[in-house]
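Peer 1: what shape does this take:
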Amino acid sequence: MKLVALVGTNADFSFNRFLCQFIAKKYAGDADIEVLEIAYLPAFYKEGQADERVAAFRDKIAAADGVIVSTPEYDHAIPAALKSALEWLGSHAGANVMAMKPACVVGVSLGGQGASRAQEDAREILLSPDMTANVLPGNELLIGRAYTTFNKESGELVDEAALAQLDKVMNNFFDFVKQAHK
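Peer 2: Residues are numbered from 1 along each chain as shown. Presented below is the predicted three-dimensional model:
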C-alpha cells in the first residue's frame, strides 16, 4: 500500500511535520508512506497554470492509494498554504486527482483542542464537489498541547493516549484504503 502524508503547513517548524514523519516511521511495516511538503508549491489561483512543482505534487497524489492530511489550526481553519495545495488537486484546477481517493485527516495544535476545527474544515474541503475525496468517517486524531505530547528533539509522539488513538485511526485507515481498492 502506497500512501502520502501531507504536511499541512509551510512553516519551518511544525509538529504536524513531526506527526507525518512519525506516522511514516511507525507504520512502515503496514504501508509505504511518503511525507510530502507543500511549502514549495506556488499559490493557487483559478487562471494559474500548474508548473513542474505542481505537476510532480499531483503525480505523487495520483499514484498513492490514499492520502493523510495533517493540519495545524490557524484562526479556526486550515492554513492558507494547505488550502492552496488542495486547490491544485481539485477538478476546477483540471487535475481531479482526489476523486474517490481515500483520505484521512489528522492534526496537531499547541492548544488543547487538537486542531479540531481545522480538521473539520479540511474534511469539508475534501468532500466538496470539486474534490469528492473518500474521507475516512468516524475517526478523529486530535493531538493538543504539542509541546507535551511530542519530544521536540526527536520528533517522537510520546503521549500514551495519543499513541493509542493514532494506532486506532491508522489501523482503521489501512482497512479503509484496502476496502476502497477491492
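Peer 1: who's in contact with stretch 78-87?
Peer 2: 6, 8-11, 38-39, 41, 43-44, 57, 69, 71-72, 74, 93, 98, 118, 121-122, 125-126, 131 (Cβ atoms under 8 Å, 6 or more residues apart in numbering). From N, CA and C alone the C-beta is placed, and that goes for glycine too.
Peer 1: list the buried residues for that stretch?
Peer 2: Neighbour-count burial for stretch 78-87 flags 78-79, 81-87 (criterion: 16 or more other Cβ atoms under 10 Å).
Peer 1: may I ask which two of those are separated the most?
Peer 2: Of all pairs drawn from these, the one with the longest distance (Cβ to Cβ) is Pro79 and Glu87, at 12.8 Å.
Peer 1: so which elements touch the longest helix along the chain?
Peer 2: The helix that spans the most residues within the chain, counting by DSSP state H, is helix 160-180. In terms of contacts (3 or more Cβ pairs under 8 Å, 6 or more residues apart in numbering; DSSP states H and E), helix 160-180 is packed against helix 15-26, strand 66-71, strand 102-108, strand 142-143.
Peer 1: center of the protein - which residue?
Peer 2: Val69 (0.8 Å; Cα atoms, centre = their mean).
Peer 1: ok, now how distant is that residue from Leu3?
Peer 2: 11 Å (Cβ to Cβ, to the nearest Å).
Peer 1: now swap in Asn96 and tell me
Peer 2: 19 Å.
Peer 1: settle it for me: which of these two has more neighbours?
Peer 2: Leu3 (23 against 17; other Cβ atoms under 10 Å).
Peer 1: if we can go back for a sec, and the buried residues of stretch 78-87, which is closest to Val105?
Peer 2: Minimum distance to Val105 across the buried residues of stretch 78-87 is 9.5 Å, recorded for Ile78 (Cβ to Cβ).
Peer 1: phi, psi of that closest one?
Peer 2: phi -70, psi 160 (degrees, to the nearest 10).
Peer 1: list the buried residues of stretch 112-127.
Peer 2: Buried residues in stretch 112-127, counted by 16+ other Cβ under 10 Å: 114-123, 125-126.
Peer 1: fine, thanks again, bye for now.
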